[in-house]
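Undergrad: With the sequence up front, the predicted model follows.
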Protein chains: 2
Amino acid sequence: MSQPSACVILIGNEILSGRIKDENLPFLAKRLSQLGIPVGEAMVIPDVEERIVAAVNDARARFTYVFTTGGIGPTHDDITAASVAKAFGVAWTLHPEAKRILEAYYGDTVNAARLRMAMTPEGASLIPNPVSAAPGFRMENVHVMAGVPSIMRAMFDAIAHTLSGGDPVLSRAISADAREGDLAQRLAEIQAEHPGVDLGSYPFGLGERIGVCIVGRSTDKADLDAAMDKVAAMFRALGLDPEESDPAATN
Amino acid sequence: MSQPSACVILIGNEILSGRIKDENLPFLAKRLSQLGIPVGEAMVIPDVEERIVAAVNDARARFTYVFTTGGIGPTHDDITAASVAKAFGVAWTLHPEAKRILEAYYGDTVNAARLRMAMTPEGASLIPNPVSAAPGFRMENVHVMAGVPSIMRAMFDAIAHTLSGGDPVLSRAISADAREGDLAQRLAEIQAEHPGVDLGSYPFGLGERIGVCIVGRSTDKADLDAAMDKVAAMFRALGLDPEESDPAATN
C-alpha cells in the first residue's frame, strides 16, 4: 500500500512573533508517525485570511491529511473557520450541534462571541473538545483543531481512530563520540545499500561530549535492522563504542 | 517606509518526525522582530531537493529576506546548498574561501566529506561560523544557515548588521483572570479603532488560574499605548485587575 502523509498548518501570529514556542507540531509529528502517517511538511502562517485559504488549499491537494491548529476561539483574531469555509468555497454557517454544545456548556453566559465558535464551514463534521466544549471540525481531509496544546491533544485523541494509517514508521538511533566528517562516506554507502531506510545524521554537543547520532526510519523492520547493524559496525571500525538510544529523544 | 518581512525555512526530517523540537524559529522570530523585520511565515520541509527548491523560490519572491536552517553538514542528507543552487539556476561549486577555512580548521583530517561543506551556489557570499568553521552563505536575499541552534545563532549574529530593518515592532501584554468570550466584543471594537496595532488574544491556564493575555504589537508607540490603555480599561470594566506582563514570555 502507498503510505499516507500529513501536512500540519500552525496558524497564529504568536508563533511567528516568537512569543509562543509551538508544542503542537512535535506532538502531531510523533503521534502521526506512530499511526503510519508521516508528516511530510508543516507551515506556520499568520492570522490572515488570504494566507490561510492558500495554505489549506495547497496542503489538502498534496497530502492525505491536513491538520490545522489555532484560530478557533471567540475573539476577532480567530478567523480559521471562516477562512477554511472560503478555501472550500462553502458558506460559514451556524452548526446546530455545535450551538447546542456551547449553550449547554456556557448556560447563562453564552453570548454572540461564544456562539461564533459554533460557526463552521457548511458540511463540516464536529471534532469533540472534552476540555472546554467549543469543538473543532473536519472538512473532507482537513482537520481544524484548537491551538491550546491541551485542547489540541484531546481533539486529536478523539479523531485518531478515524484516520487510515499506513505501516507504522519504525525508528532506531545509534550514537557514538564521532565527528560527522569521519563517517560521512561510509554512511552514504549504507544509505545507498538501503534505499528503503531513511538515515539521518545529527551531530550533538552535550557539555564536554561531542558526537553523532544516526537515526534510521523505515516501515520495514528487517531492512532497518540490517542498515543499523552496518551503522554500528561503521562506528566500531572507527574505534568507537556505539550505543543504542531512544530515537524519540531530543538532543 | 514599507516594513520589510522575513520567511524562515526549517529544513530537516528530524523536525517533521518529532524527534527534534525546533528552537531556531523562536530565536529568529524574536531577533528579526527587534530588527523591524517581522517573520511573516515559516515552513518546515524535509531533506528533499524538489521541496527545498520550491520553498526557497516561493519564499524569496514573496519576502524581503529568507533564512534557512539545516542541511549544510558533511553527510549524504545535507542537500541544502546543492538545492539552493538549483533554486537559483546556478552551479554548485567549490568556494575557494570556504575551502581555505575548512583546510585551516581541519588540518590533516580534511577529507572529501568535509570539503563538501565548502561547496556553495556560484556567486554566494559566505556567512562566518565561529563555532565549527564550516560557513553558511547568502545568495541574494536568501541566508543559508546551520541547523544546530548554537551555530545558527552565531551565524545570525554575524549577519544581523547587514540586514536593513524597518521600524522595530514594539509589543505590550496585559493579562487578567478573564475568559475570552466575555471580552471578545469590546476587544474587536478596540482593534477596529486601532488598525495599526495588531491585537492578539491568548487564553492561558496556569494551575488553578485561568485567564487571557492580550498582546498588542505595533511600530507606533503612541498608537500601541492608546490601544493598550483601552485594553486595561476593558478588564477593569469587567471588575478585573489587569496586569502588565512581559510580552516575550511564553505561557
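TA: Structure received. It should be emphasised that the depicted structure is a prediction, and the values quoted were computed from it without experimental measurement. Residues are numbered from 1 along each chain as shown, chains lettered A, B, ... in the order given.
Undergrad: so, in contact with chain B or not, stretch A:132-141?
TA: No. Stretch A:132-141 is not in contact with chain B by CB under 8 Å from any CB of the partner chain; minimum separation 8.6 Å. Where C-beta positions appear, they are placed from N, C-alpha and C, glycine not excepted.
Undergrad: Residue numbers of the stretch 151-251 of chain A in contact with chain B?
TA: Near chain B, the residues belonging to the stretch 151-251 of chain A are A:169, A:171, A:180-185, A:187-188, A:191, A:198-203, A:205, A:215, A:217, A:247-251 when assessed by CB under 8 Å from any CB.
Undergrad: Buried subset of those residues, written for PyMOL?
TA: Selecting just the buried residues from those in PyMOL takes one command, with 16 or more other CB atoms under 10 Å in any protein chain shown as the test:
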select buried, chain A and resi 169+171+180+181+182+183+184+187+188+191+198+199+200+201+202+203+215+217+247+251
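Undergrad: okay, now the nearest residue to A:Lys21 once chain neighbours are set aside: neighbour count?
TA: In this structure, A:Lys21 finds its nearest non-sequential neighbour in B:Pro26, 5.1 Å apart by CB to CB, 6 or more residues apart in numbering or on different chains. Residues lying near B:Pro26 (other CB atoms under 10 Å in any protein chain shown) number 20.
Undergrad: what does A:Ile174 give?
TA: A count of neighbours around A:Ile174, defined by other CB under 10 Å, yields 20.
Undergrad: How about the one 5 residues further on?
TA: Look at A:Arg179: counted by other CB under 10 Å, it has 18 neighbours.
Undergrad: That one and A:Phe204 touch, don't they?
TA: No. Using CB atoms under 8 Å, A:Arg179 makes no contact with A:Phe204, being 11.3 Å away.
Undergrad: what touches both of those two?
TA: A:Ile210, A:Val212 (CB atoms under 8 Å, 6 or more residues apart in numbering or on different chains).
Undergrad: Low-confidence regions, the stretch 151-251 of chain A specifically.
TA: Counting by pLDDT under 70, the stretch 151-251 of chain A has low-confidence residues at A:248-251.
Undergrad: cutoff 80 now
TA: Along the stretch 151-251 of chain A, segments meeting pLDDT under 80 span A:205-208, A:246-251.
Undergrad: Look through it and state the residue closest to chain B.
TA: Among the residues of the stretch 151-251 of chain A, A:Ala184 lies nearest to chain B; the distance is 3.3 Å by CB to the nearest CB.
Undergrad: Find the nearest non-adjacent residue to that residue, please.
TA: Here the residue nearest A:Ala184, using CB to CB, 6+ apart, is B:Ala113, at 3.3 Å.
Undergrad: Give me the buried positions along the helix or strand containing the one you found.
TA: Assessed by DSSP states H and E, B:Ala113 sits inside helix B:112-115. In terms of neighbour count (16+ other CB under 10 Å), helix B:112-115 has its buried residues at B:Ala113, B:Arg114, B:Leu115.
Undergrad: Mind listing the strands the next helix or strand after it pairs with, and their directions?
TA: Downstream of helix B:112-115, the next assigned helix or strand under DSSP H and E is strand B:119-121. Strand pairing for strand B:119-121, determined by DSSP bridges: strand B:92-94 (antiparallel).
Undergrad: Which SSE is immediately downstream of the strand it pairs with?
TA: helix B:96-106.
Undergrad: Go ahead and report the secondary structure state at A:Arg217.
TA: Here A:Arg217 is recorded as strand under DSSP: H, G, I helix; E, B strand; the rest coil.
Undergrad: What residues are bridge-paired with it?
TA: A:Ser171, A:Asp198.
Undergrad: residue contacts, it?
TA: Contact partners of A:Arg217, counting by CB under 8 Å, 6+ apart, are A:Val169, A:Leu170, A:Ser171, A:Val197, A:Asp198, A:Gly200, A:Leu224, A:Pro247, B:Asn13, B:Ser17.
Undergrad: Need the distance between the two termini of stretch A:189-201.
TA: This stretch, stretch A:189-201, spans 13 Å end to end (CA to CA, to the nearest Å).
Undergrad: Let me see the residues that make contact with it.
TA: Contact with stretch A:189-201 is made by A:180, A:183-184, A:187, A:212-220, A:223-224, A:226-227, A:230-231, A:234, B:12-14, B:47, B:73, B:75-78, as judged by CB under 8 Å, 6+ apart.
Undergrad: cutoff 7 Å now
TA: Stretch A:189-201 is contacted from outside by A:180, A:187, A:212, A:214-218, A:220, A:223-224, A:226-227, A:230-231, A:234, B:13-14, B:75-77, using CB atoms under 7 Å, 6 or more residues apart in numbering or on different chains.
Undergrad: Go ahead and build a ChimeraX selection from the buried members of those residues.
TA: A single ChimeraX command is used to select the members of the contacts of stretch A:189-201 judged buried by 16+ other CB under 10 Å:
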select /A:180,187,212,214,215,216,217,218,223,224,226,227,230,231,234 /B:13,14,75,76,77
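Undergrad: how about the helices in the stretch 151-251 of chain A?
TA: A:180-193, A:221-237 (DSSP state H, counting those that start in this stretch).
Undergrad: May I see the buried residues of stretch A:138-152?
TA: Residues of stretch A:138-152 classed as buried: A:Arg138, A:Met139, A:Asn141, A:Val142, A:His143, A:Val144, A:Met145, A:Ala146, A:Gly147, A:Val148, A:Ile151, A:Met152 (neighbour count, 16+ other CB under 10 Å).
Undergrad: wait, which of these is closest to chain B?
TA: A:Val148 (6.5 Å).
Undergrad: What's the per-residue pLDDT of the closest one here?
TA: Predicted confidence (pLDDT) for A:Val148: 93.
Undergrad: Return the distance of it relative to B:Leu187.
TA: Separation of A:Val148 from B:Leu187 (CB to CB, to the nearest Å) stands at 18 Å.
Undergrad: Then A:Asp182?
TA: From A:Asp182 to B:Leu187 the distance is 57 Å (CB to CB).
Undergrad: do A:Pro96 as well
TA: 27 Å.
Undergrad: And A:Arg186, by the same measure?
TA: Distance of A:Arg186 to B:Leu187, computed by CB to CB: 59 Å.
Undergrad: now swap in A:Thr120 and tell me
TA: Taken as CB to CB, the span from A:Thr120 to B:Leu187 is 22 Å.
Undergrad: hang on, the earlier thing: quick one: which of the contacts of A:Arg217 is nearest B:Ala160?
TA: B:Asn13 (28.5 Å; CB to CB).
Undergrad: that older thread, the helix holding B:Ala113 packs against which elements?
TA: helix A:180-193, helix B:96-106 (3 or more CB pairs under 7 Å, 6 or more residues apart in numbering or on different chains; DSSP states H and E).
Undergrad: Serialize those to a markdown table and add fields for distance to A:Ile37.
TA: Below are the helices and strands packed on helix B:112-115 laid out as a markdown table (distance: least, CB to CB, whole Å):
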| stretch | distance to A:Ile37 |
| --- | --- |
| helix A:180-193 | 24 |
| helix B:96-106 | 40 |
